[in-house]
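*Asks:* turn this into a model:
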Amino acid sequence: MVRRLQSACDPLEELARAVAASLLGMARAVLSLALRRIAAMAVDWLIISCFAASLVPLGLLLVNRSVDLPPTAWNAAAFLLLIVPATLWLARWEGATRAASPGKRLLRLTVVTPGRPRLGWRRGLARNGLKIALPWELGHTAAFLVSNPTASRSLVATGLACAVISCLLATTYVASLFVGTGRTPYDRATRTRVSWAP
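*Replies:* Sure thing, here's the model as predicted:
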């Protein structure tokens, strides 16, 4: 699946490199680790977006075949087909020897665990579960519950609560890059930090 995704994203890879080069120039100008981390995540999200775009034909096929699923089932399908693979993909990259996603590699960053030679699979999965899967799934849950015309008031309220929590998490994650040592809550929870690659 990864090879197909890579070959499908070749034209977008050039665009990603151009965007990354532009973002790298900006990060060099201000010498900020925080901006480099944001730029690295933008590159990673561009690649994840290619994967998401590759799932559109599947969604259209299901809708065209009149697959009538309740919103919670669509949410579960989106979680299993999009959020889980994206989280596992990033965890694999960060758990590998160089401990860096494609965006981090491009921007010369690495994820380190003090006292350990590498991040490892489990820590990489925990880190990306908190960083990617948790806020993304909360956002998806919010979208599916709030947009459901048959949802009860309590489900809509739950959806709105998920939206608020998702936005608060994302805001906290970004803001924490610029405060103190720049370690995010998911870095602290998994005892990791992002630093310049050797």
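*Asks:* in stretch 185-198, what's buried?
*Replies:* 186-187, 190, 192-194 (16 or more other CB atoms under 10 Å). For glycine as for every other residue, the C-beta is placed from the backbone atoms N, C-alpha and C.
*Asks:* which of these lies closest to Arg36?
*Replies:* Comparing these against Arg36 with CB to CB places Val194 closest, at 8.5 Å.
*Asks:* could you check the pLDDT of Cys9?
*Replies:* You'll see Cys9 listed with a pLDDT of 56.
*Asks:* nearest residue to the middle of this protein?
*Replies:* Ile132 (4.1 Å; CA atoms, centre = their mean).
*Asks:* so what's that one up against?
*Replies:* 83, 86-87, 90 (CB atoms under 8 Å, 6 or more residues apart in numbering).
*Asks:* how about a cut-off of 7 Å?
*Replies:* Counting by CB atoms under 7 Å, 6 or more residues apart in numbering, Ile132 makes contact with 86-87, 90.
*Asks:* and which of the buried residues of stretch 185-198 is nearest to Ile47?
*Replies:* Closest to Ile47, out of all of the buried residues of stretch 185-198 and judged by CB to CB, is Val194, at 18.0 Å.
*Asks:* so the closest one sits in a strand?
*Replies:* Yes - per DSSP: H, G, I helix; E, B strand; the rest coil, Val194 lies within a strand segment.
*Asks:* surely it touches Val111?
*Replies:* Yes - taking CB atoms under 7 Å as the definition, Val194 is a contact partner of Val111 at 5.5 Å.
*Asks:* how about the residue nearest to the centre of the chain, secondary structure?
*Replies:* Going by three-state DSSP: Ile132 is helix.
*Asks:* ok, Leu130 - contacts?
*Replies:* Leu130 neighbours (CB under 7 Å, 6+ apart): 186, 189.
*Asks:* just Ala133 next, same as before
*Replies:* Counted by CB under 7 Å, 6+ apart, Ala133 has contacts 83, 87.
*Asks:* and it, how far from Tyr186?
*Replies:* 11 Å (CB to CB, to the nearest Å).
*Asks:* mind naming the longest helix for this protein?
*Replies:* helix 153-176 (DSSP state H).
*Asks:* if you count neighbours, what's buried in that one?
*Replies:* 155, 158-159, 162-163, 165-166, 169, 173, 176.
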